[in-house]
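Enquirer: heads up, no residue letters with this:
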């Protein structure tokens with residue numbers, strides 16, 4: 001074992017020890033730690049932004065057109081918004097100790113199903129340093145220790161953030177509850193994924209390649225936060241002005257994030273009139289539009305979409321459009337090519353809306369609204385650890401309760417089983 005691998009092991013051991021104490025700490029102590037973090041982040045904003053600019057400058061030097069630049073960038077507004085999210089987390093009711101259910105058996109045993117922390121959470125993520133703040137805040141509030149393994153492109157930002165956070169919470173929560181793997185050697189991820197004795201769950205958050213790697217190599221249970229091949233289907237009876245407004249918001253506002261739209265499906269009966277209108281509106285925002293063969297017959301100026309395009313999670317201002325003959329075909333297309341993240345229908349028909357919502361196999365389904373709302377803060381959770389696209393343990397934006405599990409506590413008065 002190398003020295004850096006030994007360091008990962010020691011940090012995992014420290015997190016495990018801290019988690020046992022943090023999980024039974026009073027809510028007041030955990031909230032006090034979060035308040036200290038919010039104050040420290042605002043007081044040290046200049047330091048954080050300076051370190052972030054180092055990361056941004058380095059990435060621009062390597063790839064000036066990288067779509068990751070927007071994800072990587074911190075500014076005063078983004079930090080202030082993240083701090084506001086932490087303040088919302090503080091105000092949330094404490095999940096720990098909640099009695100989810102309770103009953104008395106025929107033997108007179110009193111059974112309680114009680115909410116408890118997961119324990120130690122390892123989060124492996126890329127690019128977005130504001131995620132560091134969200135993860136730490138939710139981990140502390142939910143009584144979990146956390147091991148952070150951010151991407152190399154954000155290393156200066158993450159070091160600064162964790163240094164500020166650790167100094168703020170010193171003496172307020174158990175030492176070792178927040179760990180950052182500072183060495184950017186990718187082989188250390190493999191080492192982390194082996195430590196099932198100390199880490200209870202791994203949450204990968206980033207590209208499809210990262211998530212696939214973690215899924216295939218982890219010896220620890222994972223909660224998969226999937227890629228965002230997000231669709232919007234414009235039905236034959238849609239309010240077309242509304243549809244265009246929603247599509248532009250979902251595509252243009254922040255095209256690199258996972259809840260931005262990548263594909264638009266248009267009902268065949270309106271395609272002849274609506275497709276040119278939509279393409280013209282998108283081009284005002286410099287969106288590159290690709291399309292199926294039928295789309296290109298209507299609007300010859302758009303680029304051809306190959307089969308691979310329907311699977312692609314565009315991280316820039318690229319959008320692919322396909323014409324479909326029915327709601328059923330739209331549902332089939334989404335379930336085949338989508339990533340179970342977020343998908344929307346624009347329609348005035350409640351039956352079609354209900355059919356779409358029932359059969360589209362995604363964590364979040366919208367009717368007449370932008371997919372950009374798939375976000376823990378927007379859902380009222382204050383923050384999120386990621387958007388889970390799997391079905392076991394958690395699905396959709398993962399907030400406070402999604403970082404807990406349950407155990408049964410059984411009270412008796414001498415009962416034995418016959």
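Expert: Here it is on my side, so go on. Keep in mind it's a predicted model, so treat the numbers as computed, not measured.

Enquirer: now the strands: where do they sit in the stretch 201-350 of the chain?
Expert: For the stretch 201-350 of the chain, the strands defined by DSSP state E, counting those that start in this stretch cover 201-205, 230-234, 261-267, 288-291, 303-304, 318-324, 342-346.

Enquirer: make CSV out of those strands and add mean neighbour count.
Expert: For every residue, glycine as well, the C-beta is placed using N, CA and C. Supplementary listing: those in CSV, determined by neighbours: other C-beta atoms under 10 Å:
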stretch, mean neighbour count
strand 201-205, 25
strand 230-234, 28
strand 261-267, 26
strand 288-291, 21
strand 303-304, 13
strand 318-324, 24
strand 342-346, 30
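
Enquirer: I'd like those strands as CSV, with mean pLDDT and distance to residue 149 appended.
Expert: Output for these, formatted as CSV (pLDDT from 0 to 100; distance: least, C-beta to C-beta, whole Å):
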stretch, mean pLDDT, distance to residue 149
strand 201-205, 95, 9
strand 230-234, 98, 26
strand 261-267, 98, 27
strand 288-291, 98, 34
strand 303-304, 96, 38
strand 318-324, 98, 30
strand 342-346, 98, 26
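
Enquirer: for residue 26, find the nearest of these.
Expert: In terms of C-beta to C-beta, the element of the strands of the stretch 201-350 of the chain nearest to residue 26 is strand 201-205, at 24.0 Å.

Enquirer: give me the neighbour count for residue 114.
Expert: The burial count assigned to residue 114 is 16, neighbours taken as other C-beta atoms under 10 Å.

Enquirer: residue contacts, the closest residue to it other than its chain neighbours?
Expert: Distances taken as C-beta to C-beta, 6 or more residues apart in numbering place residue 409 nearest to residue 114, at 5.4 Å, with adjacent residues excluded. Taking C-beta atoms under 8 Å, 6 or more residues apart in numbering, we find residue 409 in contact with 111, 112, 114.

Enquirer: could you point out the helix or strand that follows the helix or strand hosting the last one?
Expert: In the assignment (DSSP states H and E), residue 114 maps to strand 110-117. Counting by DSSP H and E, the next helix or strand C-terminal to strand 110-117 is strand 120-125.

Enquirer: can you map out the helices along the stretch 1-150 of the chain?
Expert: 3-22, 27-43, 45-62, 68-72, 76-91, 130-141 (DSSP state H, counting those that start in this stretch).

Enquirer: got a list of what residue 318 touches?
Expert: Applying C-beta under 8 Å, 6+ apart, the residues contacting residue 318 are 262, 287, 288, 290.

Enquirer: distance of the first one from residue 230?
Expert: The reference is to residue 262. Distance of residue 262 to residue 230, given as C-beta to C-beta, to the nearest Å: 5 Å.

Enquirer: same question for the third one.
Expert: When C-beta to C-beta is the yardstick, residue 288 and residue 230 sit 17 Å from each other.
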